[in-house]
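Trainee: need a structure here:
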Amino acid sequence: MATHFDRTKELAGLPPKDVLDNYTPTITNKLELESALTLIKTMFEDKLKENVNLVRVSAPMFLDKTSGFNDNLNGTERPATFAPRDFPDVKLEVPFSLAKWKRWALHYYEVPVGQGIVTDFRGLRCDDDIDFTHSLYVDQFDWEKHINVEDRNDEYLKNTVKQIYAALYDTEQALAKKFGVEPVLPKDIVFISSDDANKEYPDSTAKERENIYCAKHKAVFYMGIGGKKADGSLRHDGRAPDYDDWMTNRSCGGTGLNGDILVWNPLLKQSFELSSMGIRVNPDVLIKQLELCDANERKDLIWHKMLLDGTLPQTIGGGIGQSRLCQFMLRSAHIGEVQHGWYNPEEVQILKEKNCKLLGLGEF
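Mentor: The predicted model follows:
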């Protein structure tokens with residue numbers, strides 16, 4: 001008998017069969033696992049703050065819908081929304097990310113040029129596909145840094161990527177020393193342009209291109225995410241028009257002052273995204289990208305007005321997935337092994353039988 005858990009792609013959220021058939025968790029003791037998770041998150045945040053010059057600040061759990069502060073992602077996802085008891089007409093949203101809020105926060109905290117902030121962000125994405133690398137729950141190190149106008153270039157972007165990657169590398173080294181996990185990250189990260197990748201592998205999908213480069217280099221910054229090719233198809237992946245700058249020309253060729261930090265996952269044998277980041281839009285780029293995405297109505301929102309009138313500073317920023325980072329570094333087959341969440345009960349039962357036990361209530 002069919003249940004309400006059935007989907008068009010039945011049991012699509014499981015890791016590859018060859019991974020599950022031979023799977024042994026890196027750490028089986030529950031308290032030792034929590035110690036490893038704490039080491040990863042604490043050390044990475046400390047290294048990130050040190051390398052990029054960031055200060056930890058508090059983060060909101062919900063935002064007013066009319067403010068325009070929420071990250072719209074691709075513009076089609078539904079935010080988790082609720083109203084205060086005594087104000088039924090008010091719509092508050094659990095943010096998808098703090099991509100816009102952080103830029104306002106730099107203005108609010110009066111952060112000087114050359115310094116930034118980082119938050120322990122917790123959000124919900126009820127329209128995300130739930131599988132072995134995605135859940136409804138999003139936890140990120142969301143960071144943003146105040147930069148000069150002249151810093152809006154690919155050299156500054158690359159230098160910042162190297163600083164973040166150094167924090168990733170050092171964290172894995174520390175984890176290996178304490179818990180015996182074999183490190184796999186190379187010392188340096190390689191920069192790939194989506195424009196060049198499209199030319200080199202024109203018949204491959206975006207994911208296939210990521211896999212090709214990550215398998216070869218093990219750690220890649222994939223530049224130029226967002227925007228469309230001449231035929232109207234996505235150049236690589238979708239990006240909202242009002243935070244990352246995905247249209248400015250780079251001196252190294254191609255367009256877009258943004259990108260994703262990708263690594264090769266040796267257990268899952270595929271590319272694995274750890275971070276999305278980039279130099280943010282200035283007023284001119286915002287207007288152009290809103291036009292390209294047919295989203296001109298956003299110019300009337302509070303946040304967009306503050307950017308267009310020059311109130312908000314020039315910035316670079318991004319988010320590093322906390323659970324994604326832990327899943328990768330602990331070689332976990334399923335993100336639910338390092339994060340409390342909800343998953344298809346049919347899949348959870350199969351995972352149990354394959355020695356892949358999810359964290360806390362996620363195993364029910």
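Trainee: so which other helices or strands are in contact with the lengthiest helix in the chain?
Mentor: For the chain, the helix that runs over the most residues, judged by DSSP state H, is helix 154-179. If contacts are counted by 3 or more Cβ pairs under 8 Å, 6 or more residues apart in numbering; DSSP states H and E, helix 154-179 sits against helix 30-52, strand 219-223, strand 258-265, strand 270-279, strand 315-321, helix 322-329. All C-beta spots, glycine's among them, are computed from the backbone N, C-alpha and C.
Trainee: now do that helix against strand 219-223, angle only.
Mentor: 150 degrees (axes from the mean of the first three to the mean of the last three Cα atoms, to 10 degrees).
Trainee: what mean pLDDT does the helix or strand following helix 154-179 get?
Mentor: Sequence order places strand 190-193 as the next helix or strand after helix 154-179, per DSSP states H and E. The pLDDT scores in strand 190-193 average 97.
Trainee: elements contacting strand 190-193?
Mentor: Going by 3+ Cβ pairs under 8 Å, 6+ apart, strand 190-193 lies up against helix 206-217, strand 219-223.
Trainee: these: which one's closest to V184?
Mentor: Of all the helices and strands packed on strand 190-193, it is strand 219-223 that lies closest to V184, at 9.2 Å by Cβ to Cβ.
Trainee: elements contacting the closest one?
Mentor: Counting by 3+ Cβ pairs under 8 Å, 6+ apart, strand 219-223 packs on helix 154-179, strand 190-193, helix 194-200, helix 206-217, strand 258-265.
Trainee: in CSV: the helices and strands packed on strand 190-193, plus mean neighbour count and distance to S35.
Mentor: Putting the helices and strands packed on strand 190-193 into CSV (neighbours: other Cβ atoms under 10 Å; distance: least, Cβ to Cβ, whole Å) gives the following:
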stretch, mean neighbour count, distance to S35
helix 206-217, 17, 29
strand 219-223, 25, 26
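Trainee: between those, which gets nearest to A295?
Mentor: Closest among those, once you apply Cβ to Cβ, is helix 206-217, at 22.4 Å.
Trainee: off-centre distance for the closest one?
Mentor: Relative to its chain's centre, helix 206-217 lies at 18 Å (Cα atoms, centre = their mean, to the nearest Å).
Trainee: residues in contact with that helix?
Mentor: Here helix 206-217 makes contact (Cβ atoms under 8 Å, 6 or more residues apart in numbering) with 186, 190, 192, 194, 197-198, 201, 204, 220, 222, 234, 236-237, 262-264, 270-272.
Trainee: stretch 221-239 too?
Mentor: Under Cβ under 8 Å, 6+ apart, the answer for stretch 221-239 is 73-74, 154, 157-158, 161, 165, 189-195, 197-198, 206, 209-210, 213, 240-241, 244, 246-247, 250, 254-256, 258-262, 276, 278, 292.
Trainee: cool, and stretch 303-316?
Mentor: Contacts of stretch 303-316 (Cβ under 8 Å, 6+ apart): 67-69, 100, 102-104, 106-107, 111, 113, 116, 144-149, 151-152, 156-157, 160, 242, 277-283, 286-287, 298-299.
Trainee: redo that, cut-off 7 Å
Mentor: Stretch 303-316 is contacted from outside by 67-69, 100, 103-104, 106-107, 144-149, 152, 157, 160, 242, 278-280, 282-283, 286, 298-299, using Cβ atoms under 7 Å, 6 or more residues apart in numbering.
Trainee: what do you get for stretch 98-117?
Mentor: 52-55, 57, 59-60, 63, 69, 71, 95, 119, 121, 142-148, 242-243, 280, 303, 306, 311-313, 315, 317.
Trainee: and for stretch 53-68?
Mentor: Taking Cβ under 7 Å, 6+ apart as the rule, stretch 53-68 contacts 48-49, 69-70, 91-95, 98, 101, 105, 109, 114-122, 142-143, 145, 298, 301-304.
Trainee: buried subset of the residues you listed?
Mentor: 48-49, 69-70, 91-95, 98, 101, 105, 116-119, 121, 142-143, 145, 298, 301, 303-304 (16 or more other Cβ atoms under 10 Å).
Trainee: in strands, which of those residues fall?
Mentor: When DSSP state E defines the strands, the subset of those inside them is 92-94, 116-119, 121, 142-143, 145.
Trainee: quick one on the thing from earlier: please identify which of the helices and strands packed on helix 154-179 is closest to P16.
Mentor: Per Cβ to Cβ, nearest to P16 of those: strand 270-279, 8.5 Å.
Trainee: just the mean pLDDT for the closest one, thanks.
Mentor: Here the average pLDDT along strand 270-279 is 96.
Trainee: which strands or helices does that strand pack on?
Mentor: helix 154-179, helix 206-217, strand 258-265, strand 315-321, helix 322-329 (3 or more Cβ pairs under 7 Å, 6 or more residues apart in numbering; DSSP states H and E).
Trainee: quick check: next helix or strand after that strand?
Mentor: Using DSSP H and E, the helix or strand that follows strand 270-279 in sequence is helix 283-292.
Trainee: what's the distance between that following helix and the middle of its chain?
Mentor: 23 Å.
Trainee: CA-only coordinates of that helix in PDB, if you can.
Mentor: Output in PDB follows, covering the C-alpha atoms of helix 283-292 (Å, rounded to 0.1, in the frame of the first residue of the first chain):
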ATOM      1  CA  PRO A 283      24.100  50.000  -7.000                       C
ATOM      2  CA  ASP A 284      24.800  49.800 -10.800                       C
ATOM      3  CA  VAL A 285      25.100  46.000 -10.900                       C
ATOM      4  CA  LEU A 286      22.000  45.600  -8.700                       C
ATOM      5  CA  ILE A 287      19.900  47.600 -11.200                       C
ATOM      6  CA  LYS A 288      21.200  45.600 -14.100                       C
ATOM      7  CA  GLN A 289      20.800  42.200 -12.500                       C
ATOM      8  CA  LEU A 290      17.300  43.000 -11.200                       C
ATOM      9  CA  GLU A 291      16.400  43.900 -14.800                       C
ATOM     10  CA  LEU A 292      17.900  40.700 -16.200                       C
END
